[in-house]
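Chemist: Model the following, please.
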Amino acid sequence: MIALGGNSLSNKSGTGSIAEQFSKTRKALESLSEFIDKKCNICINHGNGPQVGNELLRMDLTYKEVTPLPLGLCVANTQGSIGYMIQQSLQNKLRKMHIDREVVTLVSQVIVDKNDASFDNPNKYIGSRYSKEDILKLSEKFNWKIKKQESNKWRRIVPSPMPRYIMHGKSIKALVDRGSIVIASGGGGIPVYSNKNGNLEGVDAVIDKDYSAAKLGHIIKANQLWIITDIDSVYLNYEKKNQTRMKNMDLEQATNLYENGTFQEGSMGPKIKAAMHFLKHKGDKVVITSISKIKEALKGEAGTEIRN
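Modeler: Down below sits the predicted model:
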């Protein structure tokens, strides 16, 4: 199971054009060929923060002419678009490697609990930054919840509930087991809940993609979870003079460090929490590293490895 960070697929500098995103995706996926060479069964999920941000910005600029979409549809749209880019790039790579293997993208709904505490205390920033004056107008029109993020800059906030189940998990497992490379639960998945009649309904929220990867890894019985991020390893005292790379951790050590607040929420904290969940549910190993260090991490020369 591979959790691919959304920033791995988009340039922080640049126009953010589709051509740029395709180029970045192709470059990022070069490293994933290491798993293909080893004949691994592979399931990929991906982040979508920058891409959903662009979707929301388009709606902010055009809401007077076009009715804005709910957040769940933005996630669905980016699952399709990012999945398409990953799927095409991987299929072309497989062709060059003379490997007959299918790549499949699934639009994935993820069940959440409507009583999750995050619905009473939303704290996930999404979309553009605004002045207080501008965001108050938008929040009144669209019933947004808002919060000040930095000096004179405000943003929309939404709940970020924990994933309870990945829909179509059995189908995903069947595809992975037969050798297909599956892209699923992109952006953490489209959050849905069961209403009083037992029907699924969408909800305006976002799900952390690393938590979804850990949950999906458990469902498909993956033995390894690779969390690909901007940082090549887990560090203690990150970006300080005394920063120390954590080459190896066991579950107990990771749990103690997490519970002591060592890892920041919004950065490494959720990744460690996802690793803990995966290992507690019969996973063998979690590796946290960057896209450029996958080859070295497979040899134990980079990244952070966490085991039971």
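Chemist: okay, CA-based contacts and neighbour counts for the rest of this
Modeler: Noted.
Chemist: Please enumerate the strands of the stretch 151-300 of the chain.
Modeler: 153-158, 163-166, 181-183, 190-194, 200-202, 224-229, 234-236, 244-246, 248-250, 285-290 (DSSP state E, counting those that start in this stretch).
Chemist: Parallel or antiparallel, list what pairs with the fourth one.
Modeler: What it means is strand 190-194. strand 109-112 (parallel), strand 200-202 (antiparallel) (DSSP bridges).
Chemist: just the ones you listed: most buried one?
Modeler: strand 109-112 (a mean of 23; mean count of other C-alpha atoms under 10 Å).
Chemist: Quick one: the helices in the stretch 151-300 of the chain, in order.
Modeler: 169-177, 209-219, 251-259, 269-280, 294-298 (DSSP state H, counting those that start in this stretch).
Chemist: Would you tell me which of those gets closest to Lys147?
Modeler: helix 269-280 (21.1 Å; C-alpha to C-alpha).
Chemist: Need the residues that contact that closest one.
Modeler: Residues outside helix 269-280 that contact it (C-alpha atoms under 8 Å, 6 or more residues apart in numbering): 208, 210-211, 213-215, 217-218, 225, 227, 251, 254-255, 258, 263, 285-286, 306-308.
Chemist: Stretch 64-72 now?
Modeler: Contact with stretch 64-72 is made by Met59, Asp60, Ile190, Pro191, Gly202, Val203, Asp204, Ala205, as judged by C-alpha under 8 Å, 6+ apart.
Chemist: circling back to that earlier point, now list the buried members of the contacts of helix 269-280.
Modeler: Among the contacts of helix 269-280, those scoring as buried are 208, 210-211, 213-215, 217-218, 225, 227, 251, 254, 258, 263, 285-286, 306-308 (criterion: 16 or more other C-alpha atoms under 10 Å).
Chemist: Val112 reaches Asn195, doesn't it?
Modeler: No: the pair Val112 / Asn195 is not scored as a contact, 11.2 Å apart, by C-alpha atoms under 8 Å.
Chemist: on that earlier part again, just the contacts of stretch 64-72 now: which is nearest Ile82?
Modeler: Among these, Ile190 lies closest to Ile82 (C-alpha to C-alpha), at 14.1 Å.
Chemist: correct me, but that closest one touches Leu106?
Modeler: No: here Ile190 lies out of contact with Leu106, judged by C-alpha under 8 Å, at a distance of 11.4 Å.
Chemist: how near is Gln51 to Ser171?
Modeler: Distance, Gln51 to Ser171, using C-alpha to C-alpha, to the nearest Å: 27 Å.
Chemist: Settle it for me: which of those two has more neighbours?
Modeler: A direct count of neighbours by other C-alpha atoms under 10 Å for Gln51 and Ser171 places Gln51 higher, at 25 against 12.
Chemist: which SSE is the spatially closest residue to the more buried one that is not a sequence neighbour in?
Modeler: With sequence-adjacent residues excluded and distances taken as C-alpha to C-alpha, 6 or more residues apart in numbering, Gln51 is closest to Thr78, at 6.7 Å. Secondary-structure assignment from DSSP states H and E places Thr78 in helix 71-96.
Chemist: Where does Asn54 sit: helix, strand or coil?
Modeler: Each residue gets one of three states, and Asn54 gets helix by DSSP: H, G, I helix; E, B strand; the rest coil.
Chemist: For Thr105, which residues are in contact?
Modeler: Contacts for Thr105 were tallied using C-alpha under 8 Å, 6+ apart; they are Gly80, Gly83, Tyr84, Gln87, Val182, Ile183, Ala184.
Chemist: Quick check on it: phi, psi?
Modeler: Dihedral angles of Thr105 (phi, psi; degrees, to the nearest 10) stand at phi -110, psi 130.
Chemist: how far away is it from Glu65?
Modeler: Using C-alpha to C-alpha, one obtains 32 Å as the distance from Thr105 to Glu65.
Chemist: And Asn256, by the same measure?
Modeler: Asn256 is 52 Å from Glu65, by C-alpha to C-alpha.
Chemist: Comparing the two, which residue is more hemmed in?
Modeler: Using other C-alpha under 10 Å, the more surrounded residue of Asn256 and Glu65 is Asn256, with 11 against 8.
Chemist: about what we covered before: and the strands paired with strand 190-194: which comes nearest Phe22?
Modeler: Of the strands paired with strand 190-194, nearest to Phe22 by C-alpha to C-alpha is strand 109-112, at 24.9 Å.
Chemist: just how off-centre is the next helix or strand along the chain from that closest one within its chain?
Modeler: Where DSSP H and E defines the elements, the next helix or strand beyond strand 109-112 is strand 124-130. Centroid displacement of strand 124-130 relative to its chain, using C-alpha atoms, centre = their mean, to the nearest Å, is 17 Å.
Chemist: Done for today, thanks.
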